[in-house]
Every structure is written in structure tokens, then in C-alpha cells.
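Participant: Output the structure for:
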Amino acid sequence: MSVDLLIERIVTLQNPTVVGLDPNPDAMPPHLLERAKGDNPFERAAAAVTAFNFALIDALCDIVPAVKPQLACYEQLRHEGVRAFYETVRYARQRGMYVIADAKRGDIGSTCDYYANAFLGRVGLAGEELPVFDADALTVNPYLGADGLLPFVKRCHGYDKMIFVLVKTSNPSSGEFQDRLFEGAPLYERVGQAVEELAQTRLGRYGYGCAGGVVGATYPEQLAALRAAMPHTFFLVPGYGAQGGGAKDAAAAFDARGLGAVVNSSRGIICAWSRHKKDEREFAKAAREEALAMKEDLLRAIGHPIGEER
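Facilitator: Below is the predicted model:
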């Protein structure tokens, strides 16, 4: 199963980290933009983004199990940017990394089928069933209910993929809706129950299902409660670093084996060269150093080797 592949990479590398590939042309090393080729600014920016991502993937693929490209960063660069997203997903998978497409898709009817086909399934063209973006996993918005979830789950079962459903997100205003009471419990708890039920429809050898949950490190008490209530749901944990969550906060997402979650950092790693005032041409080296520091930070918080009972 897809979740087993992610877990095995985490155990092998002893690193429960996913790096968010969220490039912003305004915050990228200037030399990449200066030397990028193309007929227009969008094409040149997309070329720079692709070069940036490829260098980061090369620097991280032997120490970090997964990457998470945020589609919005690529869509802002028109179709040229979407091609950069496609090339990034393909290259990361070629280098052995697990790829979570962060698109937060959700809709109903045939529209949901199209989204599911694009990111996780296949499209019928000229008598063939062809993959499109072909990510390993996709973030999904549950607001439309089962109509907006089951088509994704179907592709997970059919093509050995995974989804991460928004449960308790890391942003400051998440509580405006997610914390509101629904039949005596916060809405995020009800969503968590539904995701746990979906996870149990097909379990891998580590006890986790193809439906995962997005639960932020910025709310550690809720994170701990959801970990206990959702024992078969693998967590994608945003909020570490730039958003204010620390390793001790994120540690609540892990089970007794140090499994059950992968913790995201985006700007903290890919912009490490700028934050630490290093030579822009050493951006990939700076990202690697920051990723190793994050790994050690999380391992200290977990307190034992990943995959072993504490």
C-alpha cells in the first residue's frame, strides 16, 4: 500500500519529514531567475522554479522521505507553472521520494472524478488509460461530504494511492469553523471520525489506511486527542517551524513506535539560504543542513528510533 511505502522510507531514513516545495519567484535565489531561458516572464520563472526544485530534490532525496509541492505556487505562473509542477512530481518520484500533491481538492459528481483522475488515477485517451500528474498522495477538502471524498478513496484503492483529508489545520483562523460544536463535539472531531472510518476500509501492514488526516502542530492538545481517536489514520502535520509549531508539539502525532505521522516544513528548509544569510548559490546545501537539523529535532522529541516501541 501507498502508506506502507511512505512509512518504510521514514523508517529507513529515520526521518519523519516532508519538505514543502512551495517556490515563490520573489524569494528564490536571484541567479536562477537571471539565467533562466524562455520567451516570456512566465516561462522564465517556471524554468527557474524547475531548476530550484530539481536541485533541492537532488540535495534531499537521500535524507528526506517525501516532498509536498503546493499547486498554488505553480498555478500563479500559468500553464508554464503547471508544467513545472508536473516535472517536479515526476523528478521527485524518479529520485525515490514520496510525493504529496498539496492541492486541497474537493467537489462533487463528475468534477470530483476529474480531480481524482488528474492527481491519483488515469485518464482514457486514444484507447489507453494514462496517468496525469501521478502523485503518490493528494490533500483533500472534506467540506462537501462523502460525495467529495469517495471518488478519491476509490482511486486510492484502484491505483495504490493515498489522500490526506483536512481535519484540524494549522492556520490561526482554523477554529472559526473547525472548532464549532456539531452534535456536542467540535466539527474537526466529526471530520476525524469520518476519516478514521475511511482509513479502516483498507489497512496496510503497519495498521494505517489509505485515508490520512491533516492535523496541525500548532494545536498540540487537539493533535494528541486526535491521535488517540484516530489510531488507523496517518497524519500529515503542518505548522512546524515558520508557523510556530515545535518538535515537542509535533511529537503528539506519533504512535508508540514513532510512526503515524510525517511533519512538514516548507519555507524553513527551502529558504534556509536566505534566512541564514548564506551564498545564494549554496541554497541546496543550506536546505540539506536545515533538513538534517529538523530530523534531529524530531528524533529527540520522539525519544527513540522510529519503528521501535518506546
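Participant: Every contact and neighbour count from this point should use C-alpha atoms.
Facilitator: OK.
Participant: What residues does Ala48 make contact with?
Facilitator: Neighbouring residues of Ala48 by Cα atoms under 8 Å, 6 or more residues apart in numbering: 25, 32-33, 36.
Participant: Apply 10 Å and report the result again.
Facilitator: Residues near Ala48 by Cα atoms under 10 Å, 6 or more residues apart in numbering: 23, 25, 28-38, 42, 54, 84.
Participant: Okay, helices next: where are they in the stretch 1-150 of the chain?
Facilitator: Applying DSSP state H, counting those that start in this stretch to the stretch 1-150 of the chain gives helices spanning 2-13, 30-35, 41-60, 71-75, 78-94, 109-119, 150-159.
Participant: pLDDT weak spots in the stretch 51-200 of the chain?
Facilitator: Filtered on pLDDT under 70, the stretch 51-200 of the chain yields no residues whatsoever.
Participant: go again using 90 as the cut-off
Facilitator: For the stretch 51-200 of the chain, the stretches flagged by pLDDT under 90 are 109, 126, 172, 174-175, 182-183.
Participant: Keeping just the C-alphas, turn stretch 197-204 into CSV.
Facilitator: In CSV, the C-alpha atoms belonging to stretch 197-204 read as follows (Å, rounded to 0.1, in the frame of the first residue of the first chain):
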residue,chain,number,x,y,z
GLU,A,197,-13.8,5.2,9.2
LEU,A,198,-12.4,5.6,5.6
ALA,A,199,-8.9,4.6,6.8
GLN,A,200,-10.3,1.4,8.1
THR,A,201,-11.7,0.3,4.7
ARG,A,202,-8.2,-0.9,3.8
LEU,A,203,-5.3,-1.2,6.2
GLY,A,204,-1.6,-1.7,5.4
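Participant: just the helices of the stretch 1-150 of the chain: most buried one?
Facilitator: helix 41-60 (a mean of 21; mean count of other Cα atoms under 10 Å).
Participant: Mind putting the helices of the stretch 1-150 of the chain into CSV with distance to Gly241?
Facilitator: Output for the helices of the stretch 1-150 of the chain, formatted as CSV (distance: least, Cα to Cα, whole Å):
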stretch, distance to Gly241
helix 2-13, 20
helix 30-35, 24
helix 41-60, 18
helix 71-75, 20
helix 78-94, 23
helix 109-119, 28
helix 150-159, 30
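Participant: Between the ones you listed, which one is closest to Ala253.
Facilitator: Each of those was scored for nearness to Ala253 using Cα to Cα, and the closest is helix 2-13 (14.0 Å).
Participant: Give me the angle between the closest one and helix 150-159.
Facilitator: 70 degrees (axes from the mean of the first three to the mean of the last three Cα atoms, to 10 degrees).
Participant: counting contacts, what elements does helix 2-13 pack onto?
Facilitator: Applying 3 or more Cα pairs under 10 Å, 6 or more residues apart in numbering; DSSP states H and E, we find helix 2-13 packed against strand 66-67, strand 98-105, helix 150-159, strand 162-168, strand 261-265.
Participant: Tell me which other helices or strands the longest one touches.
Facilitator: The elements that helix 150-159 packs onto, with contact taken as 3+ Cα pairs under 10 Å, 6+ apart, are helix 2-13, helix 109-119, strand 137-140, strand 162-168, helix 187-199, strand 211-215.
Participant: Adding distance to Phe234 as columns, could you present those in JSON lines?
Facilitator: As requested, the helices and strands packed on helix 150-159 are arranged in JSON lines below (distance: least, Cα to Cα, whole Å):
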{"stretch": "helix 2-13", "distance to Phe234": "8"}
{"stretch": "helix 109-119", "distance to Phe234": "19"}
{"stretch": "strand 137-140", "distance to Phe234": "12"}
{"stretch": "strand 162-168", "distance to Phe234": "8"}
{"stretch": "helix 187-199", "distance to Phe234": "9"}
{"stretch": "strand 211-215", "distance to Phe234": "5"}
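Participant: So which of those is nearest Leu299?
Facilitator: Comparing the helices and strands packed on helix 150-159 by Cα to Cα, helix 2-13 comes nearest, at 11.4 Å.
Participant: Pull the distance from the closest one to the chain's centre.
Facilitator: Offset of helix 2-13 from its chain centre (Cα atoms, centre = their mean, to the nearest Å): 14 Å.
Participant: Also stretch 26-40?
Facilitator: On Cα atoms, centre = their mean, the centre of stretch 26-40 falls 26 Å from the chain's centre.
Participant: same question, stretch 280-291
Facilitator: Per Cα atoms, centre = their mean, the centroid offset for stretch 280-291 relative to its chain is 20 Å.
Participant: same question, stretch 6-20
Facilitator: 12 Å.
Participant: Now the terminal residues of that stretch, how far apart.
Facilitator: Length of stretch 6-20, first residue to last, Cα to Cα, to the nearest Å: 16 Å.
Participant: Give me the mean pLDDT for it.
Facilitator: Averaged across stretch 6-20, pLDDT comes to 98.
Participant: who wins for proximity to Ile302 among the helices and strands packed on helix 150-159?
Facilitator: Going by Cα to Cα, the one of these nearest Ile302 is helix 2-13, 13.0 Å.
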